[in-house]
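In: generate coordinates for the sequence data below:
(chains A, B and C)
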Amino acid sequence: MAINAREERETPMPASAPHPARIAAIRRRLLDWWRRDGRDLPWRRRRTPYRVWVAEMMLQQTQVETVRPYFARWLRRFPSFRALAAARQDEVLKCWEGLGYYSRARNMHAAARTVVHELGGRLPRTTAELRTLPGIGPYTAGAIASIAFGADEPVLDGNVIRVLCRLLAIRRNPSDARVRKSLWQLAGRLVPPGEAGPFNEALMDLGATICTPRRPDCRNCPLRTICDARAKGLQEQLPVKTRRKATPHYDVVVAVIIKGGRVLIDRRNDAGLLGGLWEFPGGKIEPGESPVQAVRREVREEIGIEVAPRSKPFITVSHAYSHFRITLQAFRCRHVRGRARAIGPAAVRWVDADKLTTYAFPRANQKVLRALQTLLSDRSSSAGESGKPEIA
DNA sequence: AAACCGTGGAA
DNA sequence: TTTCCAAGGTT
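Out: Next up, the predicted model:
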């Protein structure tokens, strides 16, 4: 780890900076434990730079069990930087569909093109160069450099923060930038030269399987005899956490406009929430407005056409995003007049009802889509068992 | 610095 | 049901 001597003087060491003997004990116990009890994960079978990068991007704020199927599918579909760089954004987002934080997928697409077209097809080896690629911040740079390239770099993620705060009984708030900085320094001192990758993976495995946020399994912890929080009975209290503020709630409507067997959908702008994904047109209900009025207004404003919604929604969906919640009502609509055009969205398209699943939709829209298909298939099967979908 | 950016599972 | 939070990054 490259340590800037000036910053080293200006930043106060943690009061509980470990002694060399303790550092050695932490390293040895953690590595011994990990070689026996470390997790066998798909992306660890072969630690190539591409596979490590894909895994680390998917694992940002996302649990291992969620990532597992996505990782397998992604590697099959985009086995290399070159394959990813050659793909279209719609294909990339379809492969990411449902994983959330979609800027990760768009950033990976852009980064792959930079790697292929400007970096000779290879990922940089240093954290500083890695950080210049979109989607790679301090954590991911350290993870790739240490795990894929064997560089002596630390990582600091939620797991490592939790383990370190408990191990040294750090009562300061890790969301404080100064505390975060000293935790990075601490992590850097702990990294055993030449074994940063295994050590970092061990630290994260410990945090994920033993030193968990709730009810840590201290009896089976390799560090139980040298853990300050354990000695003081503080393991459940650390790390200290700040109250998160209440998330707002919005009432939202969407329009399912069907005409001649085709459905009107739009693609969201790349910047912002759910960027680049397709959706049914709609938006928030304004104060004093009825749901049906909101449908008509939103479709007029965003798509430029007049529609006649049915009086009642065919499904109501509750959904939580990262920083707000919604209740979404979906209305089937008749197209009254006008030619659809992308006013607010990036694009609009009339799509065959049975081709909708080839587009990348956010989860809330997927719930609407499933309800719609159930509706349409029930109708066609009860209408005459012809097997042909009949779409009004 | 603080807000923004998804989703699913656990308790 | 609600809240928490999980291998963070960007602006």
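
In: okay, the residue of the stretch 251-392 of chain A found nearest DNA strand B and A:R44: tell me how far apart.
Out: Distance from DNA strand B to each residue of the stretch 251-392 of chain A (C-beta to the nearest atom of the strand) is smallest for A:S322, at 3.2 Å. Every residue, glycine included, has its C-beta placed from N, CA and C. Applying C-beta to C-beta, to the nearest Å, the value for A:S322 to A:R44 is 28 Å.

In: looking at these two, which is more packed in?
Out: Legend: neighbour count by other C-beta atoms under 10 Å for A:S322 and A:R44, higher for A:R44 (14 against 9).

In: pLDDT value on that one, please?
Out: Looking at A:R44, its pLDDT reads 96.

In: secondary structure element for the nearest residue in space to it that is not next to it in sequence?
Out: Of all residues not flanking A:R44 in the chain, A:E201 sits nearest, at 7.5 Å (C-beta to C-beta, 6 or more residues apart in numbering). Assigned by DSSP states H and E, A:E201 belongs to helix A:196-209.

In: run through who's touching that helix.
Out: Applying C-beta atoms under 8 Å, 6 or more residues apart in numbering, the external contacts of helix A:196-209 come out as A:27, A:30-31, A:33-35, A:37-39, A:44, A:47, A:64, A:142-143, A:146-148, A:150-155, A:157-160, A:162-163, A:187, A:190-192, A:217, A:221-223.

In: out of those residues, which are buried?
Out: Buried by 16 or more other C-beta atoms under 10 Å: A:27, A:30-31, A:33-34, A:38, A:64, A:142-143, A:146-148, A:151-155, A:157, A:159-160, A:162-163, A:187, A:190-192, A:221-223, out of those.

In: quick one: is the helix holding A:E201 near DNA strand B?
Out: No. Judged by C-beta under 7 Å from any atom of the strand, helix A:196-209 stays clear of DNA strand B, getting no closer than 12.2 Å.

In: which pLDDT value goes with the residue in chain A positioned nearest to DNA strand C?
Out: Nearest to DNA strand C, among the residues of chain A, is A:G137, at 2.5 Å (C-beta to the nearest atom of the strand). Looking at A:G137, its pLDDT is 96.

In: one more: A:N4?
Out: As predicted, A:N4 sits at a pLDDT of 31.

In: same check, this time on A:G121
Out: Note on A:G121: pLDDT of 97.

In: so which residues on the stretch 51-200 of chain A come close to DNA strand B?
Out: Proximity of the stretch 51-200 of chain A to DNA strand B, by C-beta under 7 Å from any atom of the strand, involves residues A:61-63, A:65-66, A:98-103, A:177.

In: neighbour-wise, which one of the residues you listed leads?
Out: A:Y102 (22 neighbours).

In: which residues does that residue contact?
Out: When the contact criterion is C-beta under 8 Å, 6+ apart, the partners of A:Y102 are A:93, A:96, A:274-277.

In: tell me the one of the residues you listed nearest A:P20?
Out: Distance to A:P20 across the contacts of A:Y102 (C-beta to C-beta) is lowest for A:W96, with 44.8 Å.

In: element containing the closest residue to the closest one other than its chain neighbours?
Out: Sequence neighbours aside, A:A105 is the residue nearest to A:W96 in space, at 3.8 Å (criterion: C-beta to C-beta, 6+ apart). Assigned by DSSP H and E, A:A105 falls within helix A:103-118.

In: what's the following helix or strand after that helix?
Out: Immediately after helix A:103-118, counting by DSSP H and E, sits helix A:127-130.

In: in three-state terms, label the closest residue in space to A:W33 that isn't next to it in sequence for me.
Out: Distances taken as C-beta to C-beta, 6+ apart place A:P222 nearest to A:W33, at 3.6 Å, with adjacent residues excluded. Under DSSP: H, G, I helix; E, B strand; the rest coil, A:P222 falls in the coil class.
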